[in-house]
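S.K.: this one's structure only:
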């Protein structure tokens, strides 16, 4: 039997400060994503090898002061981010965003 | 003796909508309640004109009020107001469409276009405002099935006025290519066409937009789910295992995209012999129902494999129009009503669940 996928759903996606992104989830949890860390975690085919999953984006080549300029909802499952360095091909699914939240990872390990 | 408004409403609270599992009063369905002496009149405003249990609810409501002391007559008018299940992004592509329903299948040849056309027609005939978008760019067959021979108007800015056929607003890739022409398209071009059909068409206000998707789990399906919030997908499958396995892949894709599944339809479910009336389950039967049950997805209906459906589609006169009392047309009508009920349920749920807000 296929388990019903319980996708984490955000209620609000906004700013944590002038650089970083804050996501408020339906279960009340709040996640903060530092701008450059999120840029480096871009899941697009240019940044991550589609077959091996190996990260291809070179950290040193990404500006220290990169910030998100615009966030768009993609359907009901993801967001896309327009970055200040011109990059915009990453589709960050809600599931991926929730996994990226380090605090969340700690609390579930306990 | 005067009848109090509250007494009437309290009496109506015992009448439940069987799909939404709530009473007519708390659902806000009772409108224009007027009491004149012993005469009680009101409207019941349903969430779809294609409600399968409208007569039942009307009768229950009438009985509930008729037994109140002092009531001499009860007049009920059945109306409907389709609720939006999705909030279209403001300034987005199609802000005036309340429900977007893609019809998908895993493999081709399962009769998805015939099902889409007949379902859309049933909903339109019930009084809803319905659009039918033929997004099967590789093999657009909606113009043939509906017998449309006129091309839609396209203005200087490439905006399309859909063809109005039997109360349906129709747009198809078939309008823009010669019959013998093949479409050899890469992903980005498909994406652009989907965008054009969503944003570059004067759909106007629609209660339901039915989208006939190409078979499979490729660029068009992805593009669509990424462009607009969809109410939920409908999966059409034939009953044999090879088809059902692929149908499951389509279901998985929609789940990955967080797009709800409204239900599964089994097409070519059984063959009825036109001579002796014997039912023959050529491809096996009940497989789609079993999958729906296993995956906890609503089963919307079984459509027979029948010559009248095939000839009606080829002649461009769909069976729900030409022979609405035939068993085949009844199968489509019942399926469309179940679909409308599922859409209403989604609409009710989305009123209760918050939408994702982007405040960036």
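M.R.: Yep, that arrived. Model, not experiment: these values are computed from the prediction.
S.K.: and the residue nearest the centre of chain A, what does it touch?
M.R.: With distances taken as C-alpha atoms, centre = their mean, the residue of chain A nearest its centroid is residue A:97 (4.2 Å). Residues near residue A:97 by C-beta atoms under 8 Å, 6 or more residues apart in numbering or on different chains: A:8, A:10, A:23, A:31, A:33, A:79. Placement of C-beta: from N, CA and C, glycine included.
S.K.: Quickly check the residues you listed for the two that are furthest apart.
M.R.: A:8 and A:33 (14.1 Å; C-beta to C-beta).
S.K.: Looking at these two, which has the bigger crowd around it?
M.R.: residue A:33 (22 against 18; other C-beta atoms under 10 Å in any protein chain shown).
S.K.: So what sits opposite that one in the bridge?
M.R.: Applying DSSP bridges to residue A:33 gives these bridge partners: residue A:21.
S.K.: what's residue 20 in contact with, if anything?
M.R.: In the absence of a named chain, this looks at chain A. A:32, A:33, A:34, A:35.
S.K.: wrong one, chain B
M.R.: With contacts defined as C-beta under 8 Å, 6+ apart, residue B:20 is in contact with B:27, B:47, B:344, B:345, B:348.
S.K.: Would you convert these into TSV that also reports secondary structure and pLDDT?
M.R.: Converted to TSV, the contacts of residue B:20 look like this (DSSP: H, G, I helix; E, B strand; the rest coil; pLDDT from 0 to 100):
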residue	secondary structure	pLDDT
B:27	coil	90
B:47	coil	91
B:344	helix	92
B:345	helix	89
B:348	helix	81
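S.K.: mind listing what residue B:66 touches?
M.R.: Per C-beta under 8 Å, 6+ apart, neighbours of residue B:66: residue B:74.
S.K.: how close does it get to chain A?
M.R.: Residue B:66 sits 44 Å away from chain A, going by C-beta to the nearest C-beta, to the nearest Å.
S.K.: how much space between that residue and residue B:177?
M.R.: According to C-beta to C-beta, to the nearest Å, residue B:66 stands 59 Å off from residue B:177.
S.K.: Also residue B:4?
M.R.: For residue B:4, the distance to residue B:177 - C-beta to C-beta - is 65 Å.
S.K.: Phi first, then psi, for residue A:68.
M.R.: Backbone torsions of residue A:68, given as degrees, to the nearest 10, read phi -70, psi 140.
S.K.: In the sheet, which residues pair with it? Tell me.
M.R.: Beta-bridge partners, per DSSP bridges, of residue A:68: residue A:83.
S.K.: Now for it, how many residues are close by?
M.R.: Neighbours of residue A:68 (other C-beta under 10 Å): 20.
S.K.: Okay, now the unreliable bits of chain A?
M.R.: A:1-7, A:103-110 (pLDDT under 70).
S.K.: how about a cut-off of 80?
M.R.: Scanning chain A for pLDDT under 80 picks out A:1-7, A:50, A:75-76, A:102-110.
S.K.: Around chain B, which positions in it sit nearby?
M.R.: Residues of chain A lying near chain B by C-beta under 8 Å from any C-beta of the partner chain: A:1-2, A:4-5, A:7, A:9-15, A:21, A:26, A:68, A:70-79, A:91, A:94.
S.K.: In strands, which of those residues appear?
M.R.: Among the residues of chain A next to chain B, the residues falling in strands (DSSP state E) are A:10-15, A:21, A:68, A:70-74, A:78-79, A:91.
S.K.: Surely residue B:346 is in contact with residue B:262?
M.R.: Yes: in this structure, residue B:346 is within contact of residue B:262 by C-beta atoms under 8 Å, at 7.1 Å.
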